[in-house]
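Novice: here's a sequence, model it:
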Amino acid sequence: PLSLLTAAFLAFIPQFLFIHTSANNDTAITFTATLTLALLLRIAKHGVTPRRATLLGLAIGLMALSKLMGTVLAVVAVGLFVLFTPRAPTQADRRLRATTGRPLRRRLALVIILAAAALVSGWWYVRNLIVYGDPLALGAFLKFVGGNLSIPPLTADLLWQQFPLLRFSTWGLFGHISVLMEPTWIYLVYDLIAFVGVLGFVLGAGRLLIKFVQRQGVIAGVISFVAGNRSLAILVLWLGAVLAIAGRWFFAAGIQGRLIFPGLPAAAILILYGWRTIISYCVFRISNDTQYGIRNTQYALAGPIILMTAFAAAVLPLYLLPAYSPPPVVQTIPVEAASTEITFADEIALRGYTIAHNTNQLLITFYWKTLRTPPVNYTVAIRLVRPDGSFWLDYVNYPGMGTSLPTTWKPGELRRDEYVFDLRRFEPANEPLRLIVGWFDPRTRTMTTLSNWDDVREEGWATLTEITLDTSRNAPAGLPNPAAEWRIWQSATSDPRSEQ
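Specialist: Residues are numbered from 1 along each chain as shown. Presented below is the predicted three-dimensional model:
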């Protein structure tokens, strides 16, 4: 069935799977937004009843609690309800009364929706108003993430430079937007699937709209078309609203594909609608047999979905397992590595390190030897410091970019620990940068002690060397980017900058 194929299309987008395997507010907003959209579509098709109005209000309240975007989408949902629900029950609504419940007038249904939504989420806005003086707590949030509501000058070049990040992080860009699916032509396949679907939708819906306009004139034809295709109109407007909200957030704190996930269910329906339009046209050109056409259209639609399913299953061994494998135990340190004897907390020793970089990437590799198993899970802290003392790079995570816990390390083990940074996500570096490293202790909320090293300019930090990077192809300065500083603060740790 088309509904099952549409669900599969959405479910087997690699990034959608990746995000929804963890507990986060993106899964919450995607679920509650999809629930709200489904109820809006059901009301548009079958009319509004007390039960449906109550359920819609509860869904809107949950959506508003899920994420800040949910608050804006709540307003959109109420607007779509008002726009596509008749003021009074229609004759069709009255005929369905026995099976669907007593139909409501729009005004009464709206009161029920708003009351249910306020019951679920109203307390949250009151709490924010008391604590932050702002019902949305927007100012406090932007201060925390380092964003702002200003809009930089919009240029085609700026938007085009950010478009790849949106594409990649919608289809599949894992980790802290750092694990790319390669070769990158894989993204073009997904782009093509989406493009063909959008093209088919425009052609199919456009052809239908033209028929209405030819029969009734422009204004009356458009009104009749929307009235007769309310579900399509709701889907288009919902998707447009999500894209607009995500676009605005891009200028405040950066864009990632997960921000448009609340609109992906609508996009999936429209894309599959477009594919069905194109495939049906081709199939019925071959045969006028209706049963043959319907059956083979569904078979043809299943083809791309099966390929997407197979590739989604391959993402785990191809990309995730290698990226999330813990630092391997090695026997020797390569001869090209800089040799050190730095000891941290008398438990972990840095025996050597290497630095490699090109125009786009910086790779820093440490060789840690376990002197004795640490009693606590320290985090590795890496900084690249400008001559004025400010941080060009400030990174804190468990070893292996978050894939290993020091409490699992055994005495005598030598581990290769690699850190890869995309230089295009950083501001230009036009001066030498000092590489310093240390281990952060979450118990004392300070850096661990270190010994056997002379260049210690900050307590707990070993200065290793100075490096100069070619960052001429970096993203424009001043553009919000969620990867710009590459900070991954674990909930079990504290910001080591507090020591400064």
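Novice: any idea of the pLDDT on the nearest residue to Thr85 once chain neighbours are set aside?
Specialist: Counting by CB to CB, 6 or more residues apart in numbering, Thr85 lies nearest to Arg106, which is 5.0 Å off, once chain neighbours are set aside. Quick note: C-beta positions are derived from backbone N, CA and C, even for glycine. pLDDT for Arg106: 88.
Novice: pull the contacting residues for Arg106.
Specialist: Shown in contact with Arg106 (CB atoms under 8 Å, 6 or more residues apart in numbering): Val48, Val82, Thr85, Pro86, Arg87, Ala88.
Novice: what about it, distance to Val222?
Specialist: According to CB to CB, to the nearest Å, Arg106 and Val222 sit 22 Å apart.
Novice: what is the neighbour count of the residue nearest to Thr332 when sequence neighbours are not counted?
Specialist: Distances taken as CB to CB, 6+ apart place Leu414 nearest to Thr332, at 7.8 Å, with adjacent residues excluded. Residues near Leu414, counting by other CB atoms under 10 Å, number 18.
Novice: contacts only, for Leu414.
Specialist: Per CB under 8 Å, 6+ apart, neighbours of Leu414: Val329, Val330, Gln331, Thr332, Ile333, Arg351, Tyr367, Trp368, Lys369.
Novice: give the contact list for the residue most central in space within the chain.
Specialist: Nearest to the geometric centre of the chain sits Arg258, at 2.1 Å (CA atoms, centre = their mean). Contact analysis of Arg258 by CB under 8 Å, 6+ apart lists Gln15, Ile19, Asp26, Ser169.
Novice: switch the cut-off to 10 Å
Specialist: By CB atoms under 10 Å, 6 or more residues apart in numbering, the residues touching Arg258 are 15-16, 18-20, 24-27, 29-30, 169-170, 173, 177, 246, 264.
Novice: filter those down to the buried ones, ChimeraX style.
Specialist: In ChimeraX, this line selects whichever of these come out buried by 16 or more other CB atoms under 10 Å:
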select :15,16,18,19,20,26,27,29,30,169,170,173,177,246,264
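Novice: among the contacts of Arg258, which lie within helices?
Specialist: 15-16, 18-19, 25-27, 29-30, 169-170, 246, 264 (DSSP state H).
Novice: nearest to Ile305, of those residues?
Specialist: Checking these against Ile305 by CB to CB gives Phe16 as the nearest, at 13.6 Å.
Novice: I figured that closest one hits Trp171, correct?
Specialist: Yes - counting by CB atoms under 10 Å, Trp171 is a contact partner of Phe16 at 9.1 Å.
Novice: tell me, what's touching these two both at once?
Specialist: The contact lists of Phe16 and Trp171 share Gly257, where a contact means CB under 10 Å, 6+ apart.
Novice: buried residues, the helix or strand that contains Leu80. List them.
Specialist: For Leu80, the element it lies in under DSSP states H and E is helix 68-84. Buried residues in helix 68-84, defined by neighbour count with 16+ other CB under 10 Å: 68-74, 76-78, 80-81, 84.
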